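# Predicted coordinates and the sequence they were generated for:
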Amino acid sequence: MSKVSSWELKERQAFPLDLKEKLTIERITDWVNYWNGGVYISFSGGKDSTVLLHLIRKIYPNIPAVFVDTGLEYPEIRQFVKSFDNVTWLKPKMPFNKVIEKYGYPVVSKENAQKIDEIRNTKSDKLRNKRMYGDAKGYGKLSDKWKYLIDSDFKISDKCCSVMKKSPVKTYERISGLKAIVGTMACDSFGRKTSYLRNGCNSFESNRPMSTPMSFWLEKDVWDYIRKYNVAYSKIYDMGYTRTGCMFCMFGVQLEKYKNRFQLMKETHSKQYAYCMGKLGCAKVLDYIGVSY
């Protein structure tokens with residue numbers, strides 16, 4: 001593990017694309033050599049992992065890719081992934097409707113959903129108080145803005161991603177022995193930035209070793225790379241979407257301006273929209289948090 005300071009991250013994020021490519025390839029090479037080639041590419045079909053796949057297969061054409069087919073991907077993403085060779089498709093053991101039935105809806109953010117779930121279900125008074133009021137320094141509490149969700153009549157949790165994506169991937173890693181290379185970036189979220197500052201690109205010694213060689217890239221770099229090398233990407237982006245994760249995920253939707261992901265889905269994928277709002281019950285959840293759809 002190699003800790004990175006905030007100013008080092010900012011400095012690297014300001015590097016020109018050519019230098020970022022060079023440094024990323026160095027990180028990838030270090031990772032492949034360390035594990036004697038026993039690695040795989042995490043491939044979601046989104047633009048970031050598409051660039052990662054292109055970068056890696058220019059120098060290591062035989063490294064396998066892994067796609068988790070949760071059943072929640074946009075049809076355009078699934079079709080795009082099918083256009084690549086040497087991709088293993090994984091499936092979760094539990095479908096999304098059963099996940100939300102058992103654990104709850106993915107609402108607001110992973111961090112806040114986890115805290116709401118813990119407040120509601122933990123048997124520890126200490127943890128519940130920490131989530132409600134914070135520790136001695138005020139850390140760890142649920143944002144006051146979202147405390148009203150504690151009293152909602154539907155379940156809320158952050159477990160969806162763990163059940164549908166992380167679990168099948170961990171099983172794959174355990175059986176294959178391969179170590180992941182993932183196309184996440186520090187600019188994606190606070191959690192990913194924190195992880196990069198703590199571990200750097202290659203976390204060789206963590207409980208689950210992982211390489212994130214594009215951590216210091218920005219979204220602009222991804223699009224610049226695509227244009228520079230004329231890299232094919234999923235047409236979902238040409239339909240107005242900026243994120244291509246699970247179709248029915250509600251994390252962060254409250255931050256989106258018109259048209260948000262669900263308003264756009266109503267126009268582009270009417271069948272999935274009707275299923276999401278009706279049978280899955282997302283409409284009542286969005287109504288509760290005041291998000292138009």
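Right, received. Where do you want to start? Numbers count the residues shown, from 1 in each chain.

# Tell me which other helices or strands the least confident helix or strand in the chain by mean pLDDT touches.
Scoring the helices and strands of the chain by mean pLDDT, DSSP states H and E places helix 190-199 at the bottom, with a mean of 91. Packed against helix 190-199 by the contact rule (3 or more Cβ pairs under 8 Å, 6 or more residues apart in numbering; DSSP states H and E) you find helix 6-13. Yep, even glycine has a C-beta here, placed from its N, CA and C like the rest.

# Run the chain-centre distance for the helix it packs on.
The chain centroid and the centroid of helix 6-13 are separated by 22 Å, computed with Cα atoms, centre = their mean, to the nearest Å.

# for it, packing partners?
Helix 6-13 sits against helix 190-199, with contacts defined as 3+ Cβ pairs under 8 Å, 6+ apart.

# name the helices or strands packed onto the longest helix seen in the chain?
Longest helix in the chain by number of residues (criterion: DSSP state H): helix 17-34. Applying 3+ Cβ pairs under 8 Å, 6+ apart, we find helix 17-34 packed against helix 47-59, strand 179-181, strand 202-203, strand 210-211, helix 219-229.

# now these as TSV including mean neighbour count?
Converted to TSV, the helices and strands packed on helix 17-34 look like this (neighbours: other Cβ atoms under 10 Å):
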stretch	mean neighbour count
helix 47-59	20
strand 179-181	23
strand 202-203	21
strand 210-211	24
helix 219-229	16
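
# So for stretch 266-280, what gets flagged as buried?
Buried residues in stretch 266-280, defined by neighbour count with 16 or more other Cβ atoms under 10 Å: 266, 269, 272-273, 276-277, 280.

# circling back: so which of the helices and strands packed on helix 17-34 gets nearest Phe96?
helix 47-59 (20.9 Å; Cβ to Cβ).

# Please enumerate the strands of the stretch 1-150 of the chain.
39-42, 65-68, 87-90, 107-108 (DSSP state E, counting those that start in this stretch).

# In contact with the spatially most central residue of the chain, which residues?
Closest residue to the average C-alpha location of the chain: Gly245 at 7.0 Å, with Cα atoms, centre = their mean. Contacts for Gly245 (Cβ atoms under 8 Å, 6 or more residues apart in numbering) come out as 44, 46.

# Same check on Tyr288?
By Cβ under 8 Å, 6+ apart, the contact set of Tyr288 is 149, 152, 154.

# filter those residues to the buried ones?
149, 152.

# okay if I get the contacts of Tyr288 as JSON lines plus distance to Ile116 and pLDDT?
Formatted as JSON lines, those follow (distance: Cβ to Cβ, whole Å; pLDDT from 0 to 100):
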{"residue": "Leu149", "distance to Ile116": "6", "pLDDT": "98"}
{"residue": "Ser152", "distance to Ile116": "9", "pLDDT": "97"}
{"residue": "Phe154", "distance to Ile116": "11", "pLDDT": "97"}
